[in-house]
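Participant: Here is the input, now give the coordinates:
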Amino acid sequence: MDLLLLSNSRAPGQEFLAHALDEIDDFLGANRRLTFVPYASSDHDGYTAVMAAALAARGITVVGVHTVADPRQEAARAEAVFVGGGNSFRLLKALYATGLLETIGDRVRAGELRYLGASAGSNMAAPTLRTTNDMPIVSPPSFETFGFVPFQINPHYLDPAPASTHMGETREERILEFLEENDVPVLGLREGAWLRVDGAVARLGGVNGARLFGRGSEPAELVPGEDASHLLSTTPRYDLTG
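Facilitator: Predicted coordinates:
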């Protein structure tokens, strides 16, 4: 499988996707046509236009999957797909409703389709969306997502801020709560970070790094450029009875 999983689409002080354009360009290679899945947003046309404008300078043509009569046919002939960010619950519900969860999933796992995700789109690459940051504004048929990688992903990961006056749970506390019920590693991707997977090799890229959480162990720091291939052999164990 070929995956590029971004924590975020927009970095502070930069234009949309500017921080990751070189990586996206390299990931796509000679292919200059990209199928975009905008379902995490309510404004499909607007979101697709923003994506198209960001990639135009690199000679990449963006086709919104929502603009064709049968989204599955578009996904079936695509060479690369970008699943954009927004609300993970809304996105997953649409993937089920359109049949794209199966079509995209099968082709990516077969090595026929390159998969790019950002934020909610990166959440979809994990086995479930249980480590999303989003509110469940809609109810998808299931929490099960593509499952391209056997570990959970938490995009936009924020480190605990000791001086903060916020009295709710930190992101770390929420992830540790998840691990009380599920024995599955969670990769917290900080802003500006991404994970690139090429077959059996996974490597952290971008800036700011990531934090890896596992049951019964202290969180581990991953730095840009670090090999994370060992995560691909994880055997996830979920509590599916709750």
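Participant: which residues does E23 contact?
Facilitator: 4, 194, 196, 205-206 (Cβ atoms under 8 Å, 6 or more residues apart in numbering). The way it works is simple: take the backbone N, C-alpha and C, and place the C-beta from them, glycine included.
Participant: and it, helix, strand or coil?
Facilitator: Under DSSP: H, G, I helix; E, B strand; the rest coil, E23 falls in the helix class.
Participant: And the helices in this protein, which stretches?
Facilitator: 21-28, 44-56, 71-77, 88-98, 100-109, 120-123, 171-181 (DSSP state H).
Participant: Could you quantify the relative orientation of the second one and helix 21-28 as an angle?
Facilitator: Comparing the axes of helix 44-56 and helix 21-28 via axes from the mean of the first three to the mean of the last three Cα atoms, to 10 degrees yields an angle of 90 degrees.
Participant: Can you list the neighbours in contact with helix 44-56?
Facilitator: So helix 44-56 is contacted by 15-18, 21, 24, 34, 36, 38, 41, 61-62, 64, 66-67, 82, 84, 86 (Cβ under 8 Å, 6+ apart).
Participant: same question, stretch 71-84
Facilitator: 9, 27-28, 31, 33-38, 40-41, 47, 51, 62-63, 65, 68, 91, 98-100, 103-104, 107-108, 113-121, 124.
Participant: Check these for burial and list the buried ones.
Facilitator: The neighbour count (16 or more other Cβ atoms under 10 Å) marks 9, 27-28, 34-38, 40-41, 47, 51, 62-63, 65, 91, 98, 100, 103-104, 107-108, 113-121, 124 as buried among the contacts of stretch 71-84.
Participant: Make sure L95 is actually in contact with A125.
Facilitator: No. With contact defined as Cβ atoms under 8 Å, L95 does not count as touching A125 (12.0 Å).
Participant: start to end distance for stretch 19-36?
Facilitator: 19 Å (Cα to Cα, to the nearest Å).
Participant: Would you mind checking the average pLDDT for that stretch?
Facilitator: Per-residue pLDDT over stretch 19-36 has a mean of 94.
Participant: now do stretch 105-121
Facilitator: 97.
Participant: what's the first-to-last distance across it?
Facilitator: Using Cα to Cα, one end of stretch 105-121 lies 13 Å from the other.
Participant: distance between it and the chain's centre?
Facilitator: 10 Å (Cα atoms, centre = their mean, to the nearest Å).
Participant: again, but for stretch 190-198
Facilitator: 9 Å.
Participant: what's the pLDDT at S139?
Facilitator: 97.
Participant: Can you name the residues that contact it?
Facilitator: 89, 93.
Participant: Excluding sequence neighbours, find me the nearest residue to the most centrally placed residue in the chain.
Facilitator: For the chain, S122 is the residue whose C-alpha lies nearest the centre (Cα atoms, centre = their mean; 0.4 Å). The shortest distance from S122 to any non-neighbouring residue, by Cβ to Cβ, 6 or more residues apart in numbering, is to L5 (4.0 Å).
Participant: still on that earlier bit, which one of the contacts of E23 has the most neighbours?
Facilitator: In terms of neighbour count, W194 stands highest of the contacts of E23 at 28 neighbours, by other Cβ atoms under 10 Å.
Participant: measure Y157 to T103 for me?
Facilitator: Per Cβ to Cβ, to the nearest Å, Y157 is found 30 Å from T103.
Participant: The closest residue to G188 other than its chain neighbours - how many residues pack around it?
Facilitator: Counting by Cβ to Cβ, 6+ apart, G188 lies nearest to Y157, which is 3.2 Å off, once chain neighbours are set aside. Applying other Cβ under 10 Å, we find 24 residues neighbouring Y157.
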